[in-house]
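K.L.:
A structural model of the following input is requested.
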Amino acid sequence: MAALDRIRDKWVAVARSSASADRPGAERRVAEAYENAGLRPPDRCLWVASPLTAAVLVTCLARKETGVAWDHDGFLDLFGPRVKDPVAQEIDRYPPLVAGPDVGDRVVNRPVKGAQVEGARLVIGPARRIMDRLVMPSLRLEEIRDIRQRLIDEINLITRGAFTQPCLTQFDTNMLVEADFCANELGLPSHILLVPVLELAARVGSFWALRNLAVLVDRPRSFLLDERGRPHSVSGRALEYDDGFGIWALHGVPVPRRLIDEPESITIQEILFQKNVEMRRLLIERYGQARFEGETGAGLVHSDETGWLYRKRVPFHESLCLLRVMNTTPEPDGTRKEYWLRVPPTMRTSREAVAWTFGLDAFQYKPGSES
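P.N.:
Below you'll find the predicted structure:
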């Protein structure tokens, strides 16, 4: 397991890095990865400021390749000059047959999947079960995975769903840890094919592979973290690229920009009707715990070792019933997160309300058996 921990720490550090990309080294690895895939290296490696600029450029090239009339000028008008201008300068430089979804698959996905298949064949029986129990849980780096997905969601929203995803990013930590482990620790024959892919991932922010053009993105210019190494900023973007594109996050959870820049716009109704408990916790954190308790007007009706139950009478409507609980699992620093949950107005005790969240009644609920 020591080898896996070392590999995991290496790729987590890559994911959290805002150091400048190693451009010459990355371009050499691009050429090697293309050659390993049986392709001629691209005529040019084009560096752009952010994943958004890259996605817009690749989208325009892909639409151009179809030969179908498309108003790319109108599409580009959706974006500010820091995205629009560099893309407009590039799209007329390349002939058709630049894009092609199979290129990224051949350059990145096939070597990675090949190593994973070889690894699965090699690690069988008891060793496979040990790997499933001990190795795979350590690969579930949810906060980093969420960063990648949030970037994709942001690009998807801005481009109105018209974009091509990168074939490799610095945030593909789960995939990179497993591929690195399979190739370098298990000594698989696919090692030679994976080396340039892994070394490329360690040197860039994002990568799109096209037929005679590689589009590469530098790492973010700033990446702010909390004391536990999670993306976090209460004043601006937690992660930001040179053209201003980025994401907002609190303690590793991607959040809308408004929660950071306009916390005064948060309302009690928004908090109460937020279904995601983690997002509700962050809304309350930004709104202010004391202010939230005071302005809901809910009074404490019961408390015990399981939590605190509050109720507010609402004229002509059912009562508002809130349960305040502490997370049973402590944080690494020993503190415990506090959550507010909406529960049915029929709840009479804290235990009954907590049991309801587990689909149990008060008599069935036994805190010692929580998972």
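
K.L.:
hang on, Trp208 in a strand?
P.N.:
Yes: counting by DSSP: H, G, I helix; E, B strand; the rest coil, Trp208 is part of a strand.

K.L.:
who's in contact with it?
P.N.:
Neighbouring residues of Trp208 by C-beta atoms under 8 Å, 6 or more residues apart in numbering: 54, 58, 104, 164, 166-167, 214-216. The way it works is simple: take the backbone N, C-alpha and C, and place the C-beta from them, glycine included.

K.L.:
can you check the pLDDT for it?
P.N.:
Looking at Trp208, its pLDDT reads 92.

K.L.:
wait, which of the contacts of Trp208 is closest to Val253?
P.N.:
Using C-beta to C-beta, Pro166 is the member of the contacts of Trp208 that lies nearest Val253, at 22.7 Å.

K.L.:
if you skip the residues just before and after it, what's nearest to the closest one?
P.N.:
Closest residue in space to Pro166, ignoring its immediate chain neighbours: Ser206 at 4.4 Å, by C-beta to C-beta, 6 or more residues apart in numbering.

K.L.:
I figured the one you found hits Thr164, correct?
P.N.:
No: if you go by C-beta atoms under 8 Å, Ser206 and Thr164 don't touch, sitting 11.6 Å apart.

K.L.:
of these two, who's got more company?
P.N.:
Ser206 (27 against 21; other C-beta atoms under 10 Å).

K.L.:
report the beta-bridge partners for the more buried one.
P.N.:
Residues in a beta bridge with Ser206, per DSSP bridges, are Thr169, Val217.

K.L.:
that one and Ala249, how far apart?
P.N.:
As judged by C-beta to C-beta, to the nearest Å, Ser206 and Ala249 stand 18 Å apart.

K.L.:
can you check Leu57 too?
P.N.:
According to C-beta to C-beta, Leu57 stands 26 Å off from Ala249.

K.L.:
same question for Thr346.
P.N.:
For Thr346 relative to Ala249 (C-beta to C-beta), the value is 37 Å.

K.L.:
so between those two, which is more surrounded?
P.N.:
Comparing Thr346 with Ala249 by other C-beta under 10 Å, the one with more neighbours is Ala249, at 26 against 11.

K.L.:
where does pLDDT dip in the chain?
P.N.:
Along the chain, segments meeting pLDDT under 70 span 1, 65-70, 95-101, 116-143, 145, 161-163, 188-190, 316-317, 368-371.

K.L.:
tell me how it divides into domains.
P.N.:
According to automatic domain parsing, the chain comprises the domains 2-220, 266-369.

K.L.:
dump the ones you listed to CSV, plus distance to Arg228.
P.N.:
Formatted as CSV, the domains of the chain follow (distance: least, C-beta to C-beta, whole Å):
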stretch, distance to Arg228
domain 2-220, 9
domain 266-369, 6
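
K.L.:
and the ones you listed: which comes nearest Glu227?
P.N.:
Among these, domain 266-369 comes nearest to Glu227, with 7.4 Å by C-beta to C-beta.

K.L.:
report the secondary structure state of Val354.
P.N.:
State at Val354, reduced to three classes by three-state DSSP: helix.

K.L.:
tell me how many other residues crowd the closest residue to it other than its chain neighbours.
P.N.:
In space, and not counting its chain neighbours, Val354 is closest to Thr306: 4.5 Å by C-beta to C-beta, 6+ apart. For Thr306, the neighbour count with other C-beta under 10 Å is 21.

K.L.:
could you do Leu210 as well?
P.N.:
Using other C-beta under 10 Å: Leu210 sits among 26 other residues.

K.L.:
backbone phi and psi for it, please?
P.N.:
Torsion angles at Leu210 (phi, psi; degrees, to the nearest 10) stand at phi -120, psi 180.

K.L.:
isn't it up against Thr59?
P.N.:
No: taking contacts as C-beta under 8 Å, Leu210 lies outside contact range of Thr59: 11.7 Å.

K.L.:
in the stretch 251-371 of the chain, which spans are helices?
P.N.:
Secondary structure of the stretch 251-371 of the chain (DSSP state H, counting those that start in this stretch): helices at 257-261, 268-272, 277-287, 289-296, 350-357.

K.L.:
which parts of the longest one are buried?
P.N.:
Looking back up the chat, that one is helix 277-287. 279-287 (16 or more other C-beta atoms under 10 Å).

K.L.:
what's near enough to touch the closest residue to Leu272 other than its chain neighbours?
P.N.:
The spatial neighbour of Leu272 that comes closest, neighbours along the chain excluded (C-beta to C-beta, 6+ apart), is Arg342 at 6.5 Å. Contacts for Arg342 (C-beta under 8 Å, 6+ apart) come out as 272, 320-323.
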